[in-house]
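Novice: Sequence first, then the predicted structure, then my questions.
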Amino acid sequence: MRRIQRFPGQAALAAIIVLESALPVWAHEPGVHVHGRAALEIAIDGATVQVNLNSPLDNLLRFEHAPRNEKEHQAVTAMTSKFNQADSLFIFTPAAQCRVESTDLTSPVLSPDLLAPASDSGKSADKSTRKDSGASRTTPSTPSPAADMHAELEATWQFRCAQPQALQGVDVRLFQMFPGLQRLDAAVAGPKGQSSAKLSPESTRLKW
C-alpha cells in the first residue's frame, strides 16, 4: 500500500512511516492477497484526515475481473456509488465536523470511467453505453492477466475537520456496505501517536 499522499510538514512524514510499520506484513508484500481481509490506514495531520483502503475486489464485488455482463457492470456501479459516499462509510466524532473533500479509486482491472462518480462520467460515457453492449466501458486501460486473477482496489479519501481538536475516533461502516469483508487490519497515526486494531462486523469503532 503506497498511495498515502504526502501532507506538508514533518508530522505528516512521520505519520506515513508509522502507518507503513503498523500494518501486518501481508498488507505490504506484493502478491499477498487474502479474501475477507483488507488494510485500512488513517493519517491525521491538523484538520486533515486521510483514509486509505486496500482490499481484494472479491470482498467488494464477489469477482475480480472487469465486468463481463450487465449484472457485473451494475455491481461495479453500486460499489463505486458507495465509495463516493464516504460520509456514510466513516462516521467521525460528530463534534469534529469532518467532511469528505476528495475520493480516489483505482484498480488494475477496472477502467477509470467505471470508478468515477456518476456526475463525472459525463454524457460521453452514456453515449458509449448506448453504442455497444458494454465492451468499451468495461475494459481496463492496461489489462493484466495476473491482476485479473487476484485484483485489488485502492481507495483514498481526504477529509477536512472544522473542529479537529474534538476528533477522537471513527465508526467504520464498510462491513455493513460490503458483507464479503470480514476483517480490517487498521493503523492510525496522528497527534496522539500511533495505534493499530483489528476491526470486524462486531467491532467497528476506532478510538484515539
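Specialist: Everything's here; your move. Numbering: from 1, shown residues only.
Novice: Distance-wise, check Leu206 relative to Ile44.
Specialist: Remark: distance between Leu206 and Ile44 (CB to CB, to the nearest Å) = 11 Å. Every C-beta, even on glycine, is put in place using the N, C-alpha and C of the backbone.
Novice: Overlap in contacts, those two.
Specialist: Val188 (CB atoms under 8 Å, 6 or more residues apart in numbering).
Novice: hey, where'd the helices end up in the chain?
Specialist: Ranges of helices in the chain, per DSSP state H, are 10-22, 57-61, 70-83, 86-89, 112-115, 118-131, 135-138, 145-149, 174-177.
Novice: which one of those has the lowest average pLDDT?
Specialist: In terms of average pLDDT, helix 135-138 trails the rest of these, at a mean of 37.
Novice: For the closest residue to Asp87 other than its chain neighbours, give the beta-bridge partners.
Specialist: The spatially closest residue to Asp87, leaving aside those adjacent along the chain, is Val100, at 5.5 Å (CB to CB, 6 or more residues apart in numbering). Beta-bridge partners for Val100, by DSSP bridges, are Phe159.
Novice: Can you get me a residue count around Val100?
Specialist: Neighbourhood size, Val100 [other CB atoms under 10 Å]: 18.
Novice: Which residues are in contact with it?
Specialist: Ala86, Asp87, Trp157, Gln158, Phe159.
Novice: Apply 7 Å and report the result again.
Specialist: Val100 is in contact with Ala86, Asp87, Trp157, Phe159, counting by CB atoms under 7 Å, 6 or more residues apart in numbering.
Novice: now, which of these sits nearest Val76?
Specialist: Ala86 (17.5 Å; CB to CB).
Novice: how near is that closest one to Lys192?
Specialist: Taken as CB to CB, the span from Ala86 to Lys192 is 23 Å.
Novice: How about the contacts made by the closest residue to Thr80 other than its chain neighbours?
Specialist: Nearest residue to Thr80 in three dimensions, chain neighbours excluded: Leu115, at 5.5 Å (CB to CB, 6+ apart). Counting by CB under 7 Å, 6+ apart, Leu115 touches Thr80, Leu105, Thr106, Ser107.
Novice: can I get these in TSV with distance to Ala151?
Specialist: Formatted as TSV, the contacts of Leu115 follow (distance: CB to CB, whole Å):
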residue	distance to Ala151
Thr80	15
Leu105	13
Thr106	11
Ser107	6
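Novice: Using PyMOL, define a selection of the buried residues within these.
Specialist: Buried residues within the contacts of Leu115, by 16 or more other CB atoms under 10 Å, are selected in PyMOL with:
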select buried, resi 80+105+107
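Novice: Which ones among the contacts of Leu115 map onto strands?
Specialist: Leu105, Thr106 (DSSP state E).
Novice: so which two of the contacts of Leu115 are the farthest from each other?
Specialist: Farthest pair in the contacts of Leu115 (CB to CB) is Thr80 and Thr106. Separation: 11.7 Å.
Novice: coming back round to it: if you count what's nearby, which of Ala86 and Lys192 comes out ahead?
Specialist: Ranked by neighbour count (other CB under 10 Å), Ala86 and Lys192 place Ala86 first, with 20 against 12.
Novice: so that one makes contact with Thr103?
Specialist: Yes: counting by CB atoms under 7 Å, Thr103 is a contact partner of Ala86 at 6.0 Å.
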